[in-house]
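K.L.:
predicted model and sequence follow; I will ask about them next.
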Amino acid sequence: MTPTESLTGIVCKQCQFKVAEVLEGCPSCGSESVETVELKQSGTIVSYTIVYIGFGHMAKRAPYVLAIVQTEENVKLTTVIEDVTDFANVKIGDKVRFKAMDEKIGPVFQYE
């Protein structure tokens with residue numbers, strides 16, 4: 001994993017929809033008028049599961065936390081929460097922060 005300093009996404013100039021991916025067009029309205037932006041790196045876990053048996057390149061990571069995180073800008077993304085030592089302590093509402101971009105899985109978060 002190569003650490004990055006920013007969480008990059010796009011914002012649609014037509015409908016203002018933000019997404020934590022760099023795409024050619026807006027997934028909400030279809031407009032091609034999008035701009036690359038740096039997203040805020042702090043967020044909250046809104047849903048999660050503990051994956052005990054990983055698939056493919058994720059097999060070596062198991063067990064791990066797979067979560068939907070909502071950033072301060074209300075962008076929701078599916079991510080792995082790294083460095084969790086006690087899965088029983090993970091809960092909805094926990095604060096997390098962007099850690100790095102993994103070339104195989106995308107953004108990775110960690111507890112603040």
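P.N.:
Perfect, thanks for sending it. Quantities reported herein were computed from a predicted structural model and do not represent experimental measurements.

K.L.:
quick one, strands of the chain?
P.N.:
Taking DSSP state E to define them, one finds strands in the chain at 7-12, 18-19, 34-39, 42-51, 64-71, 76-82, 95-102, 106-111.

K.L.:
and the longest one, what other elements does it pack with?
P.N.:
To tie it back to what came earlier, the one meant is strand 42-51. Contacts defined by 3 or more C-beta pairs under 8 Å, 6 or more residues apart in numbering; DSSP states H and E place strand 42-51 against strand 64-71, strand 76-82, strand 95-102. Every residue, glycine included, has its C-beta placed from N, CA and C.

K.L.:
which of those sits most buried?
P.N.:
strand 64-71 (a mean of 20; mean count of other C-beta atoms under 10 Å).

K.L.:
return that one as PDB; C-alpha atoms alone will do.
P.N.:
C-alpha atoms of strand 64-71 as PDB (Å, rounded to 0.1, in the frame of the first residue of the first chain):
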ATOM      1  CA  TYR A  64     -11.000  -7.500   8.700                       C
ATOM      2  CA  VAL A  65     -13.700  -4.900   9.000                       C
ATOM      3  CA  LEU A  66     -15.600  -4.000   5.800                       C
ATOM      4  CA  ALA A  67     -17.500  -0.800   6.400                       C
ATOM      5  CA  ILE A  68     -19.600   1.900   4.800                       C
ATOM      6  CA  VAL A  69     -18.200   5.200   5.900                       C
ATOM      7  CA  GLN A  70     -19.900   8.600   5.500                       C
ATOM      8  CA  THR A  71     -17.400  11.500   5.300                       C
END
